[in-house]
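[1] Give the three-dimensional model of this entry:
(chains A and B)
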Amino acid sequence: MAEEEKNVGGLVISSSPHLLTGENVPKIMYSVVAALLPVCSVSVYFFGLHALILIAVSTVSSVGAEYLIQRFMGRPVKAWDGSAAVTGILLALTLPPRFSIFGVVLGSVFAIVVAKQIFGGLGYNIFNPALLGRAFLQAAYPVFITAWTEPFRGFFQVDAVSAATPLALMKFEGIITPRLNLLFGNVAGSLGETSALAILAGGLYLRYKGYVNWKLPMGFLLSIAFFGGIFWVVDPLKYPDPLFHILSGGAMLGAWFMVTDMVTTPTTLKGQWLFSVAAGAITILIRLFGGLPEGVMYSILLMNSLVPLLNRWTRPKVFGEGLA
Amino acid sequence: MLLKTFHRGVHPSYHKELTRDKPIEPAAIPGRVVIPLWQHTGSPCEPTVKKGEDVTEGQKIGDAKSFVSSPVHASITGKVKDITMHPHPGGAKVLSVIIDGDGRGTHPQDGSGVEKKDWNKDSDGVALEKLTPEEIRSIVRDAGIVGLGGATFPTSVKLTPPKGILVDTVILNGCECEPYLTADHRVMLESPDKVVWGLKAIMKAVGAARGVIGIEDNKEGCAMILSKAASSILPELKVVLLKTKYPQGAEKMLIHALMGRKVPAGKLPFDVGVVVNNVATAAAITEAIRYKKPLIERVVTVSGNGVRTPKNLRVRLGVSFAEVLIQCGGLVQEGEKEILAGGPMMGIAQKDLDVPVVKGTSGITVLRGGEIKPLRYEPCIRCASCVEACPMGLMPYRIGDMGRLGMTGPFKSWSGSACIECGCCSFVCPSKRPLVQWIRVGKMKLRSSSGASGA
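    Model (predicted):
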């Protein structure tokens, strides 16, 4: 009898636990893609066909670059796992509406090849690939990348009126943009940083799915509000109020889609608070005292580089550790 | 109501409905049993019988002098066929006594001259009040009782508080947080008197004034039944419902949830004045004291979608997994199968169904087809799910890599050895990384490296 039972197929041998959740990397990544759809839609609504082309080209060239580099380096091809698509969409969302198509291809290839695959691919990269791609474009196209336009709400409209972003208006001209415009996105800026509401919708969706650790966006936004608020209290005429800081520029997009990037943020509770609060503080410092109007990108990239140290410094307490 | 619990942990699907409402059935007396001489934590036993010798049910056939050890008994009457190395569900081969049953003693009057054992006869001569703690310990040791939850630590050792240690509370663990398993659940429902009486005996042995039974709230019915049983035996008993969360039944998590006390790293429950035993162990203690019954059988949950008729069976120790599975209708034909000694979170996969049921076999779980986890894993994306799940406060993704790569120094300083191997980290990992396995490797490498440097 025992023999007969043994012959019923081979038995599988594996180590415990034998039960796993249904989560996997593609599921997480494609949920992020889904969460980015509202932002993408709003940017196409305000900035027309060219916005759509930028997002599509960036996504396709990111996935394509991932596929080619993985083939070239002899690694398993996982270009379809959604992570390259997320990088591509995020990169496009950080660019001005009239950015060059060739430029976006260059940036996405840099993001995938240099920022991600050279470090070892998904999970091994130190810096957020989309942000590093954007930093590269900032160096390569210093003028083009700050060529903002008014939103025009015409899908096929070709001419656009150039305009300054709310942060630039604040910084260089002392003009504060109305809150409602910031909420709905009716302002000049990069594709994805215009509508705070659309970003929040995506972020809350991810929170609902359990793929976002709420401490990271909260820490980042509260920190921006807090440190921005200090200067506002000291001199309300010179410095904008906390709400303006949160709603303008890349703060919302950064909070929900970049500070929350799993690979490049800390794994410990304390580390996550430190990371997000410090990134928020640096953002305010750059916005108010740096040479650039916006500081989200560099503050997050700077904190990315500290993640291994933060993890080491903020190890959780082992159960029963330090008790007599 | 806010239920007590511990920090972190996970919520697997429990699948308890497969066997939860199935009363314990006595299994057929096997024709052959294989009794490993090592079924517990501690030193293995030496055989006390020889090849060819006649043995009777309940007779001691292996014992050890060492304090941390536990004797083994013949679970059927018959002849010792051989004493040899035999596969054990723990994975290795263990010196085992193989007994062929000869039918003697199976009927009251079979003319063999061997009396049929009646393990249900309550020897009312034994009143707990008359026994000294020392006598209770020695009965428990002689009966070969070990932790039946799966850890198989010799119970007599747990009943011996070290000098200078005051035990104020005895906790019975009725959490059974492992998915699929319902053996403890059925024991609590069907023998609440034995569970509570056993608790009283343990309290007497360790001199504790308080007795608590911790149960997950998915077994609410047990709480009422146990409280009712306690009203006549142990009126001061507290039955506490805990949140259903894995691994609520891990000793340190249970003590923390119930009493707010944390067992210091590297220490024992004794150090916080607590003794924890499984509910089935308490019932076995009652049977040993009142019915003079050594540990020759146990309740095993046979479950999973790969088995035709899931059941809770009371089986003789030493019966092969194959024979137990056949009594549950055998395996479902279709699909690949993985057969586990224990439940899916901490159970051990078997390659050979000749392995015997041992004292620690709380269940046999048969997973099938798509339920079997994929063996491929992906790179870590540092999502921190494992850090958020680890009840011990470790960073599994890091110590897992340290174990895998043989970095014994960092493994030690990042407290890799504190891992209780509950499996929460691997369970939640979206990249399906076998973290527990790597941590086990790390512990082994650490042991061998520290052994080498100590020599």
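[2] Please count neighbours and contacts with C-alpha atoms only from this point.
    OK.
[3] Leaving out chain neighbours, which residue sits closest to residue A:144?
    Nearest residue to residue A:144 in three dimensions, chain neighbours excluded: residue A:99, at 6.7 Å (C-alpha to C-alpha, 6 or more residues apart in numbering or on different chains).
[4] Check the chain and tell me which residue is nearest its centre.
    This is for chain A. Centroid check for chain A by C-alpha atoms, centre = their mean gives residue A:258 as the closest residue, at 2.7 Å.
[5] oops, chain B please
    Central residue of chain B (C-alpha atoms, centre = their mean): residue B:150, at 1.9 Å.
[6] Next, the contact list for the closest residue to chain A within the stretch 51-200 of chain B, please.
    Nearest residue of the stretch 51-200 of chain B to chain A, counting by C-alpha to the nearest C-alpha: residue B:179, 9.2 Å away. For residue B:179, the contact set (C-alpha atoms under 8 Å, 6 or more residues apart in numbering or on different chains) comprises B:12-16, B:343-345.
[7] mind checking the SS state of it?
    Classification of residue B:179 by DSSP: H, G, I helix; E, B strand; the rest coil places it in coil.
[8] And for residue B:293?
    coil.
[9] For it, report the pLDDT, please.
    Looking at residue B:293, its pLDDT is 90.
[10] Count the neighbours of it for me.
    Other residues near residue B:293 number 24, with proximity taken as other C-alpha atoms under 10 Å in any protein chain shown.
[11] For the residue in the stretch 151-300 of chain B positioned nearest to chain A, list the residues it contacts.
    Closest approach between the stretch 151-300 of chain B and chain A, counting by C-alpha to the nearest C-alpha: residue B:264, at 4.0 Å. Residue B:264 sits next to A:319-324, B:271 when contact means C-alpha under 8 Å, 6+ apart.
[12] Is it correct that residue A:314 is in contact with residue A:267?
    No - judged on C-alpha atoms under 8 Å, residue A:314 makes no contact with residue A:267 at a distance of 9.3 Å.
[13] shaky segments in chain A?
    Where chain A drops to pLDDT under 70, the residues are A:1-9, A:152-161, A:184-186, A:324.
[14] how about the nearest residue to the residue in the stretch 51-200 of chain A that chain B sits nearest to, chain neighbours excluded?
    Closest residue of the stretch 51-200 of chain A to chain B, C-alpha to the nearest C-alpha: residue A:123 (4.2 Å). The shortest distance from residue A:123 to any non-neighbouring residue, by C-alpha to C-alpha, 6+ apart, is to residue B:381 (4.2 Å).
[15] How about the secondary structure of that neighbour?
    Assignment for residue B:381 (three-state DSSP): coil.
[16] Just the buried residues of stretch B:64-78, please?
    Buried residues in stretch B:64-78, defined by neighbour count with 16 or more other C-alpha atoms under 10 Å in any protein chain shown: B:64, B:68-78.
[17] Can you tell me which of the residues you listed is nearest residue B:388?
    Taking C-alpha to C-alpha as the measure, residue B:388 sits nearest to residue B:68 out of the buried residues of stretch B:64-78, at 35.5 Å.
[18] Isn't residue B:119 up against residue B:289?
    No - the pair residue B:119 and residue B:289 does not pass the contact test of C-alpha under 8 Å, sitting 11.3 Å apart.
[19] For the two, indicate the residue with more neighbours.
    residue B:289 (24 against 14).
[20] Give me the spatial nearest neighbour of the more buried one, chain neighbours excluded.
    Closest residue to residue B:289 apart from its sequence neighbours, by C-alpha to C-alpha, 6+ apart: residue B:139 at 6.6 Å.
[21] pretty sure the one you found contacts residue B:287?
    No - counting by C-alpha under 8 Å, residue B:139 stays clear of residue B:287, with 10.4 Å between them.
[22] Counting neighbours, go ahead and name the busier of those two.
    The neighbour comparison of residue B:139 against residue B:287 (other C-alpha under 10 Å) goes to residue B:287, with 24 against 19.
[23] which helices and strands sit right next to whatever helix or strand that one lives in?
    Here residue B:287, judged by DSSP states H and E, is contained in helix B:279-290. For helix B:279-290, the elements it packs on are helix B:133-142, strand B:169-174, helix B:183-190, helix B:192-206, judged by 3 or more C-alpha pairs under 8 Å, 6 or more residues apart in numbering or on different chains; DSSP states H and E.
[24] Switch those over to TSV; also include mean pLDDT.
    Shown next, in TSV, are the helices and strands packed on helix B:279-290 (pLDDT from 0 to 100):
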stretch	mean pLDDT
helix B:133-142	91
strand B:169-174	93
helix B:183-190	94
helix B:192-206	92
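[25] and those as TSV, adding distance to residue A:262?
    Output for the helices and strands packed on helix B:279-290, formatted as TSV (distance: least, C-alpha to C-alpha, whole Å):
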stretch	distance to residue A:262
helix B:133-142	52
strand B:169-174	37
helix B:183-190	40
helix B:192-206	48
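[26] Which stretch among the ones you listed approaches residue A:215 most closely?
    Among the helices and strands packed on helix B:279-290, strand B:169-174 sits nearest to residue A:215 (C-alpha to C-alpha), with 35.2 Å.
[27] about what we covered before: neighbour-wise, which of the contacts of residue B:264 leads?
    residue A:319 (22 neighbours).
[28] Could you verify that that residue is part of a strand?
    No - Residue A:319: not assigned to a strand; according to three-state DSSP it is coil.
[29] That one reaches residue B:395, doesn't it?
    No - Residue A:319 is beyond contact range of residue B:395, at 11.8 Å (criterion: C-alpha under 8 Å).
[30] which residue sits closest to residue 88, ignoring its sequence neighbours?
    Let's take chain A. Excluding the flanking residues, the one nearest residue A:88 by C-alpha to C-alpha, 6+ apart is residue A:59, at 4.1 Å.
[31] wrong one, chain B
    In space, and not counting its chain neighbours, residue B:88 is closest to residue B:355: 5.3 Å by C-alpha to C-alpha, 6+ apart.
[32] Please apply the same query to residue B:24.
    Using C-alpha to C-alpha, 6+ apart and skipping residues adjacent in sequence, the residue nearest residue B:24 is residue B:312, 4.9 Å away.
[33] Where does that neighbour sit: helix, strand or coil?
    With three-state DSSP as the basis, the three-state label of residue B:312 is strand.
[34] do residue B:75 as well
    coil.
[35] Now do the contacts for it.
    Applying C-alpha under 8 Å, 6+ apart, we find residue B:75 in contact with B:33, B:57-59, B:296-297, B:316-318.
[36] Residue ranges of each domain in the chain, please.
    Let's take chain A. For chain A, the structural domains run A:25-145, A:165-313, going by automatic domain parsing.
[37] my bad, the chain I had in mind was chain B
    Per automatic domain parsing, the structural domains of chain B span B:16-23+B:131-290, B:27-101, B:297-371, B:385-454.
[38] For the first one, what is the distance to the chain centroid?
    Taking the mean of its C-alpha atoms, domain B:16-23+B:131-290 sits 12 Å from the chain's own mean (C-alpha atoms, centre = their mean, to the nearest Å).
[39] Endpoint to endpoint, that domain covers what distance?
    Counting by C-alpha to C-alpha, to the nearest Å, you get 32 Å between the two ends of domain B:16-23+B:131-290.
[40] What is the least confident helix or strand in chain B?
    helix B:435-454 (a mean of 84; mean pLDDT, DSSP states H and E).
[41] hmm, who's touching it?
    Here helix B:435-454 makes contact (C-alpha under 8 Å, 6+ apart) with A:15-17, B:396-397, B:399-404, B:406-408, B:411-412, B:416-417, B:419, B:421, B:423, B:425-426.
[42] next one: stretch A:175-189
    A:42, A:46, A:96-97, A:148-151, A:163-166, A:169-170, A:193-198, A:240, A:244, A:247-249.
[43] So for residue A:221, which of the domains of chain B sits nearest?
    Comparing the domains of chain B by C-alpha to C-alpha, domain B:385-454 comes nearest, at 22.6 Å.
[44] now the closest one, how far from the centre of its chain.
    Distance of domain B:385-454 from its chain centroid, counting by C-alpha atoms, centre = their mean, is 23 Å.
[45] What of stretch A:120-131?
    The chain centre lies 12 Å from the centre of stretch A:120-131; the measure is C-alpha atoms, centre = their mean.
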